[in-house]
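> Kindly generate the corresponding structure for this input.
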Amino acid sequence: MNDKLKKQLAIGTFWSLVGRVGYLIVSLVTNIILARMLGPKAFGQIGIIMFFIIIARVLTESGLSGALIRKKEVSDEDYSTVFIFNLFVSIILFLLIVISAKFIAQFYDDIFLKKLLTATSLVIIINAFQIVNNAKLIHSLNYRKKSIIEFIALLVASTCGIIAAAKFDVGVWAVVTVQLLTALLITIQLWVHLGFLKKVVFSVDSFKSLYKFGLYTTLASLLNTAFDNVYQLILGKYFAIQQTGLFYQAKKLQEVPVGVIQSTTLGVIFASLAKVQDDLEQFSRMYNRIVTLFTIAVGFICLFIFFYAENIILLLYGEEWIGAVFFMQILIVASFFFMQEMFNRIIFKIFDRTEKILFLEIIKKTFQAITILIGILMRRIDMLLYGFLLTSILSYFINYYYSRKVFGHFSWFEILTVLKIALIGALTVGIGTCLEKVLQLDRLSSFILMPILFLNYLGMVRITKIANILETLVSIKEQTKRETNDKKNN
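The predicted structure follows:
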């Protein structure tokens, strides 16, 4: 890799991270403001309709943008073919949703859903006009422009949505406004900066070559997206639409730390480990060090959010949203094991065994479907969520087993580390709860326990000999530096 490309990748990674974090923060702040204004029922309605919009978005894109990005030489014919296909599929899906909107509204016994779903589904067609230009920016590693465009669009759209809710009392339509306006502003900016297609033609040969790659990624993405969002539909149908709203906002909150961690760690871990993939012993040693360090960090973040879940919900959303606490606590514990699963999947990518990811997803979703069915039959929200948590835990262990088979080095080290961190986290929460009751701390004053919880957590990590954090950091730094010097010498 030449120096110019290295520089492009470094700059691209930086702006991708900045854009991702900035987008998450603006989105979170907007959600908090609108949630306080509108209440759980409005976001329950949004949670239901967004399932159909997100599924349609996956089908519209069909993995073709990924195919464009990975292709070394992309012709105008390729871009045109993908654009025409995306537009055609988006129109078909839009019409299907409009036709189905009435029946979906009747299914949930909420006739207002018909209007909401019909209006929001316009975003599917709008997005079809931006997919190709987005792929162009990523292909050229121009993450800076992409991040700026998306940030400006969301900021303007969010401001308009908040003003509409505050000044004109439009209710749930404020959220729809944010969705549509964000998509429209991104699309307009992309066309202004990158222009229209140089030619409009559909090539069957081009489509066949691109869709071969997109087919498998679409199936995996569709599977993930459907199961990640199906709980909103189930809660709205079998329990109450307000429960969907509570779950939707808890999920939005949980996505912030998970999104930031994914953006800041997975790419770095992948790049670092890829350098030593030819030396399995060294790879295993470095992997254990890096993942141990990140597991400790992720463990404390999850511990903090779990312990202060009620405080976070009440301070950000208010008393009306107190029911979201349980959802948030379950989701954040599940996130701990999900992040471990993501660390393991890096191994599949490094050793070019990505076909295992789809196979493991099918196993995971099969088990998840069983837990969902049990939750529905028992008509218990807690069983539904415990099933989700159990699925995340089981999926981690299955991914761990298969990832170790890929490079033939099974070890109990990581599993024991994860279990120790989980136990330390549970004990720290227990200690914090006892101190809170003994000292009779209220919601705000309980934050004084934070340093105690932090020191207790680190102390137990040291006592159980999981890792010496300082030594691990130095070791990783020296290993990375040594690998860089070796490459320069060669």
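
> and stretch 139-150, which residues are buried?
His139, Leu141, Asn142, Tyr143, Arg144, Lys145, Lys146, Ser147, Ile148, Ile149, Glu150 (16 or more other Cβ atoms under 10 Å). The C-beta positions use only the backbone N, C-alpha and C, and glycine is treated the same way.

> Quick check: which ranges of the stretch 351-490 of the chain have low pLDDT?
409-410, 467-490 (pLDDT under 70).

> tally of neighbours for Thr182?
By other Cβ atoms under 10 Å, 24 other residues sit near Thr182.

> dump the residue contacts of it.
Ala153, Leu154, Ala157, Ser158 (Cβ atoms under 8 Å, 6 or more residues apart in numbering).

> Mark out where each domain of this protein begins and ends.
23-238, 239-490 (automatic domain parsing).

> Serialize these to TSV and add fields for distance to Ile11.
TSV is the format used below for those (distance: least, Cβ to Cβ, whole Å):
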stretch	distance to Ile11
domain 23-238	7
domain 239-490	13
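
> which of those domains has the lowest average pLDDT?
Of all the domains of the chain, domain 239-490 carries the lowest average pLDDT, namely a mean of 85.

> roughly how far out does it sit from the chain middle?
Its chain's C-alpha centre and that of domain 239-490 lie 13 Å apart, by Cα atoms, centre = their mean, to the nearest Å.

> Next: stretch 155-163.
23 Å.

> Tell me the spacing between Ala166 and Thr159.
11 Å (Cβ to Cβ, to the nearest Å).

> ah, wrong one, I meant Ile241
28 Å.

> Neighbour count: the two, which is higher?
Set Ile241 next to Thr159 and count neighbours by other Cβ under 10 Å: Ile241 wins out with 22 against 14.

> related to what we said a few turns ago, just the ones in helices from the buried residues of stretch 139-150, please.
If you go by DSSP state H, these have His139, Tyr143, Arg144, Lys145, Lys146, Ser147, Ile148, Ile149, Glu150 in helices.

> Which pair in those residues has the greatest spatial separation?
His139 and Ile148 (17.5 Å; Cβ to Cβ).

> which residues sit in contact with Ala101?
Contacts of Ala101 by Cβ under 8 Å, 6+ apart are Leu113, Lys114, Leu117, Thr118, Ser121.

> helix or strand for Arg443, which one?
Assigned by DSSP states H and E, Arg443 falls within no helix or strand.

> how far away is it from Phe327?
19 Å.

> Look at the two and report which has more neighbours.
The neighbour count for Arg443 versus Phe327, taken as other Cβ under 10 Å, is higher for Phe327 (25 against 12).

> which element is the more buried one on?
Per DSSP H and E: helix 324-350 holds Phe327.

> Ok, Lys405 next?
helix 381-407.

> buried set for that helix?
Buried, per 16+ other Cβ under 10 Å, within helix 381-407: 381, 383-389, 391-396, 398-400, 402-404, 407.

> Thr225: what's it in contact with?
Ile54, Ile55, Val58.

> need the helices for the stretch 101-250 of the chain, in chain order.
Taking DSSP state H, counting those that start in this stretch as the criterion, the stretch 101-250 of the chain contains helices spanning 112-120, 122-128, 131-139, 143-167, 173-194, 204-238, 241-261.

> and Gly44, which of those is closest to it?
That would be, of the helices of the stretch 101-250 of the chain and by Cβ to Cβ, helix 241-261, which comes in at 3.5 Å.

> What is the closest one packed up against?
If contacts are counted by 3 or more Cβ pairs under 8 Å, 6 or more residues apart in numbering; DSSP states H and E, helix 241-261 sits against helix 3-38, helix 40-61, helix 204-238, helix 280-307, helix 309-316, helix 324-350.

> Just put these in a markdown table and tack on distance to Glu77.
Putting the helices and strands packed on helix 241-261 into a markdown table (distance: least, Cβ to Cβ, whole Å) gives the following:
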| stretch | distance to Glu77 |
| --- | --- |
| helix 3-38 | 26 |
| helix 40-61 | 19 |
| helix 204-238 | 5 |
| helix 280-307 | 41 |
| helix 309-316 | 49 |
| helix 324-350 | 30 |
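
> Looking at the ones you listed, spot the one closest to Ile92.
helix 40-61 (9.2 Å).

> Could you pull up phi and psi at Leu444?
phi -80, psi -40 (degrees, to the nearest 10).

> and if you look at the one 10 residues further on?
According to degrees, to the nearest 10, the main-chain angles of Phe454 amount to phi -60, psi -50.

> ok, it to Thr428 distance?
From Phe454 to Thr428 the distance is 9 Å (Cβ to Cβ).

> more crowded one of the two?
Thr428 (25 against 14).

> Go ahead and confirm that one touches Gly459.
No - using Cβ atoms under 8 Å, Thr428 makes no contact with Gly459, being 9.8 Å away.

> my read: Gly318 touches Arg36, true?
Yes - counting by Cβ under 8 Å, Gly318 does reach Arg36; the two are 5.6 Å apart.

> returning to what we had before: just want the angle from the helix holding Phe327 to helix 381-407.
Helix 324-350 and helix 381-407 are oriented at 10 degrees to each other (axes from the mean of the first three to the mean of the last three Cα atoms, to 10 degrees).

> Quick check: buried residues in helix 324-350?
Across helix 324-350, burial judged by 16+ other Cβ under 10 Å covers 324-348, 350.

> Check stretch 29-48 too.
30-35, 38-48.

> one step back: how about the helices and strands packed on helix 241-261, which one is nearest Lys365?
Here helix 204-238 is closest among the helices and strands packed on helix 241-261 (Cβ to Cβ), at 5.2 Å.
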